[in-house]
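Trainee: Everything below, folded, please.
(2 chains)
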There are 2 protein chains.
Amino acid sequence: MIFATLGSNKLVTTLDAIMTEIFTGVKPDKILILSEEARRIDLSEVMKAFGFNVETENLELGIGINAWRDKIKDIEIDVADITPGRKYMAIAVLNYSKAKEVRYAYLKEESKGYNIFGYVPLQEITVYDVRNGVSIPYDPPKTVENLPRKVEIDVESLEALINLYSLLGNVDYDEDFEEICRLRSGDIRFKEEEKIMQYVKDRYFFLADVNVYVFLGERLGKITWSKEFGPRLLASRSTYNELLRHTTSTQKGEDPKFHLAMSSYRRIHKQVPVSESSRGSDVVLIEEAKALKKELPDPLALITADGGVGTSGTSQGVKVILLHDKVKGQRNVGELLFCESFYKNNIEISVNGEPFARILKSKFPNERKVTVETLKAEYNYAYVLSKLEEIMKNNGSEN
Amino acid sequence: MIFATLGSNKLVTTLDAIMTEIFTGVKPDKILILSEEARRIDLSEVMKAFGFNVETENLELGIGINAWRDKIKDIEIDVADITPGRKYMAIAVLNYSKAKEVRYAYLKEESKGYNIFGYVPLQEITVYDVRNGVSIPYDPPKTVENLPRKVEIDVESLEALINLYSLLGNVDYDEDFEEICRLRSGDIRFKEEEKIMQYVKDRYFFLADVNVYVFLGERLGKITWSKEFGPRLLASRSTYNELLRHTTSTQKGEDPKFHLAMSSYRRIHKQVPVSESSRGSDVVLIEEAKALKKELPDPLALITADGGVGTSGTSQGVKVILLHDKVKGQRNVGELLFCESFYKNNIEISVNGEPFARILKSKFPNERKVTVETLKAEYNYAYVLSKLEEIMKNNGSEN
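Mentor: Here you go, the predicted model:
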C-alpha cells in the first residue's frame, strides 16, 4: 500500500500527517513525501516500531502549479494526505493524481498544529476523505514488543504521550500533586492572571517577584506576551539575584522549587541580567521598578504573590498586581507531570487500571526532559515519540 | 462583477489577495469575504480610491469541510482568489462553487507573504487561473485624483510603495545617501556579519557596542536571531547608558545617528536595562561582557566596530567580532529612505523621470513612520497603503 503526503519547510506538519494516518490504521509498504525541494526524511525506524517494513521515498516535484500538475499524474498512490504542504500542492494531488483516496486532517485551531504528534489530542482532529466528506475513525496501532523500555522525551512529548494513551481508555495517575506543580501547569490559576492579560492589552510592562516564577513557571511568559508588542515581562535583576542565591546550594534533598523557578526565568528571558552586585530583596525589587519606570515609554506593573511587597510598592507609587485568589484552571498534563517528577521518585501512569508507564525522578529543570519507562510493551508510544523528536532534531531547526 | 476571497485569522493575507487581484485589473462591484467566523472588514474606502463603488460582504460559512461544501454551491461568484484561508476552504471553492474563475497567487517564499500589500514585489508573485494553469499579468490601476496628498505610512509601506511604483517604470531617487543609512538598510554590509551568523548557529550570545546599533540598526536584531534559540543579542547596560548620554541633548541640528541607534536598541530589546548608575564606556562594556560570561550557559562574543575595544577585549579573554570590511549588500529601500529622511529635507521619488512623490523630513525614529507627499495624483498608492494600514490596525493585533 503506497501512502503519500506533502513535504514543506515545516517538517513537523508532515510527520504529524503521517502519524495521524498511521493512527487511523493505515499500514503502508511505502511512504512518499512529495515536496518542492526534497529533503531526506527517513521514517523507517518509526515505522519499524509498529512492525511495518517501510521504505520512505522523498520525491522532488519542483516549484509551481504547472510542474506539479504534470508530474503528479504519473505517481502511483493509494492513500494521500494533503494536510501539510502548500495549497497548490494539495490541489494538484486532489485534482490530478491517481490517488484512490485523498485525506485531510482538520484541526479547528490550526496554530496548535505545529507541535509534535499527539500534542493536540486526536479527539480534536478529524480525518476526512476529501472526495466524499466522510470522516475516518482512529484505530491506535500496537508497537512491537522488543523496543527500548526507557527513553528520554520532551515535556511536550509527555503531554502527547498522555493524549495518545487516552485513545486507549481512561488514563490515571496519582493525583496527589504539589500545589506549585498544579499552579505551574495551570491546573490551578490565580484569578489575577486575567488582570495581567488585560494590562498586557493596555501596553503595560511587568516585573515579577521570585514567587511569581515559582508559582507560574513557563505560564508567566505566555500570559505577559503581547501578540502586538511581543514580550512585556522585563528581566528583573533583583529577582535574578534572589534566584541565584536560592540555587547556590549543592546539597541534596532540598525543595526544587527555586531550581524550577530559575529554569523558567532563563527560558522566559533567554538572557540574564548582569549582576553587578548580588543585591536582591523586596526592597531592591521595588527600587528597580521605580528606576525602570523612568526609562520606559509605557506603564509598568509589578507582579508579586507577597502582600508585603504589594503594600510597600503601592505606597511608593508602583502599580502592583497581587496574586492571591486561586481558582480551578485547565491543566497541561505534560507540565504537571514534569514538575511533579522533581518531587516523586516515580509516577505511574495507568490506562483502564493497567500500568502503562512510569515517569522517573527528574533532576535538571533546564533540560525540560523526562525519563519514561514503558511498562506495557505493546503500547510503547514513548519510544515512538523519542524517535520523532530525533527526526526533527536531525533535520535542523526548520521544523 | 462579484469577487470572492477567503478570510482567516490572518487578515493581512486576505487584504493582500484582494489588492493583488485589483492589480491584475479586477474591477469588482462586490467583494465577498468567505470565512469560518465572519469578521467585519470593510474595504469600501480603499476601493473608492480606485474609483470603485464596492460593497464588502463578510459571509460566515461555518466550520469544516461539509459545511463549506453545502453552502458554497449557492453563492454567486465571478472570480475567486483562494490564496488566503485554509486549505479545505480553497478546495471547497475550487470544487463546489459556481465561480467562473478560481485564482491562486503563488509566492515562492511563503513566509514573506505576511506583510502589507506590495512589500513583496508583485514581480515575485504569479497569479494563476487554477483551472487551466494560465498566469494572469498585472495591470496597475490608477487612483482617483482628489485623495489626500500627504499621508503618514510605516517603513514597510514605504518599501511597498517603491515596489508598486516599479510596476509603472523605472523608479529613481537621489542616490547620495549617508553611509550609515546604506549600512542600516543593508545596501552596504560588513563582511563580518557572516561570522556573527555562524556564531549564532554555534549558540553564542552577543553584546554589542554603541557603534553597532548605529551602523546595523534593525538588522542587528535579525542577524543575531536564532531560529532555534530565539534572540541571542543581550541588552548591554553599558551600551544603553552611552546611548542615553548621547540622546539627552535637545538642541537642533545634531546628527540623528544616536537617536536612530537608540530606536533600534529599544525595538530590538523591547526592554531596557535599569541604569543603576550611568556608567557606560569601552571599559565598562568589556567589564560587562566578562561579568555576563560568568552567568551564561553558552559562550559570549562582543560585537564592535571599534578596533580599540576589540584589542582590549581580546586581551582580557573576551571573544570579539570586529566589524571592519564593508562589502556591497542588498538594500531594503524602505529602511534606506526612512533613515535618509532624518538627514534630508525631502527626498523626491520619480518614475521614468517624472516626479511621483516626495518623502518629508522625519523626526521621531521610534515611530518608524514617514510622511509621503504624492506628486502624481493618479498614482496615489501612498494613500491606499495608509488605508490598508488603518484596516489592519482597526481589526486588532491578529493580522
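Trainee: wait, what's in contact with the residue most central in space within chain A?
Mentor: For chain A, the residue sitting closest to the mean C-alpha position, by C-alpha atoms, centre = their mean, is residue A:156 at 3.7 Å. If you count contacts by C-beta atoms under 8 Å, 6 or more residues apart in numbering or on different chains, residue A:156 has them with A:115, A:116, A:119, A:334. For the C-beta atoms, the positions are set from N, CA and C on the backbone; glycine is no exception.
Trainee: Does it belong to a helix, a strand or coil?
Mentor: Following DSSP: H, G, I helix; E, B strand; the rest coil, we place residue A:156 in the helix state.
Trainee: Please apply the same query to residue A:196.
Mentor: helix.
Trainee: right, and residue A:347 touches residue A:174 too?
Mentor: Yes. Taking contacts as C-beta atoms under 8 Å, residue A:347 lies within contact range of residue A:174: 6.3 Å.
Trainee: Mind checking which of those two has more residues around it?
Mentor: Neighbour count, other C-beta atoms under 10 Å in any protein chain shown: between residue A:347 and residue A:174, residue A:347 has more, with 20 against 12.
Trainee: check whether the host helix or strand of residue A:5 contacts chain B.
Mentor: Assigned by DSSP states H and E, residue A:5 belongs to strand A:2-6. No. Strand A:2-6 does not reach chain B (C-beta under 8 Å from any C-beta of the partner chain); its nearest approach is 10.1 Å.
Trainee: just checking, what packs against the helix or strand following that strand?
Mentor: Using DSSP H and E, the helix or strand that follows strand A:2-6 in sequence is helix A:11-22. Packing partners of helix A:11-22 (3 or more C-beta pairs under 8 Å, 6 or more residues apart in numbering or on different chains; DSSP states H and E): strand A:2-6, strand A:79-81, strand A:101-107, strand A:125-129, helix A:381-394.
Trainee: Which of these sits closest to residue B:140?
Mentor: strand A:2-6 (34.0 Å; C-beta to C-beta).
Trainee: Count the residues that sit near residue A:145.
Mentor: 12.
Trainee: wouldn't it be in contact with residue A:379 here?
Mentor: No. Here residue A:145 lies out of contact with residue A:379, judged by C-beta under 8 Å, at a distance of 10.0 Å.
Trainee: Quick check: which ranges of chain A have low pLDDT?
Mentor: A:274-278, A:396-399 (pLDDT under 70).
Trainee: and it, what are its domains?
Mentor: Following the TED database, chain A resolves into domains at A:1-141, A:143-187+A:329-398, A:189-326.
Trainee: Could you pull up the contacting residues of residue A:72?
Mentor: Residues near residue A:72 by C-beta under 8 Å, 6+ apart: A:34, A:61, A:92, A:93, A:96, A:97.
Trainee: how about 7 Å then?
Mentor: If a contact means C-beta atoms under 7 Å, 6 or more residues apart in numbering or on different chains, then residue A:72 has A:61, A:92, A:93, A:96, A:97 as its contacts.
Trainee: For residue B:103, see how far away the fourth one is.
Mentor: What that stands for is residue A:96. Taking C-beta to C-beta, to the nearest Å as the criterion, residue A:96 is separated from residue B:103 by 18 Å.
Trainee: Likewise for the third one?
Mentor: Here the criterion is C-beta to C-beta. By it, residue A:93 lies 19 Å from residue B:103.
Trainee: Then the second one?
Mentor: Counting by C-beta to C-beta, the gap between residue A:92 and residue B:103 amounts to 15 Å.
Trainee: who has more neighbours, those two?
Mentor: In this view residue A:92 and residue B:103 are compared by other C-beta under 10 Å, and residue A:92 has more residues nearby, 28 against 24.
Trainee: Wait, the more buried one touches residue A:68, no?
Mentor: Yes. Under the criterion of C-beta atoms under 7 Å, residue A:92 makes contact with residue A:68 at 3.8 Å.
Trainee: and the strand holding residue A:5, which strands flank it?
Mentor: strand A:30-35 (parallel), strand A:79-81 (parallel) (DSSP bridges).
Trainee: Most tightly packed of those strands?
Mentor: For the strands paired with strand A:2-6, ranked by mean neighbour count under the definition mean count of other C-beta atoms under 10 Å in any protein chain shown, the leader is strand A:79-81 at a mean of 26.
Trainee: helix or strand right after it?
Mentor: Proceeding C-terminally, strand A:79-81 gives way to helix A:87-96 as the next helix or strand, assigned by DSSP H and E.
Trainee: List of residues touching that next one?
Mentor: For helix A:87-96, contacts defined as C-beta under 7 Å, 6+ apart pick out A:6, A:34, A:65, A:68-69, A:72-73, A:80, A:82, A:99, A:102, A:130, B:82, B:87, B:90-91, B:94, B:104, B:106, B:130.
Trainee: Drop anything exposed from those.
Mentor: For those, a burial check counting by 16 or more other C-beta atoms under 10 Å in any protein chain shown picks out A:6, A:34, A:65, A:68-69, A:72, A:80, A:82, A:99, A:102, A:130, B:82, B:87, B:90-91, B:94, B:104, B:106, B:130.
Trainee: secondary structure class for residue A:371?
Mentor: Residue A:371 ends up strand, using three-state DSSP.
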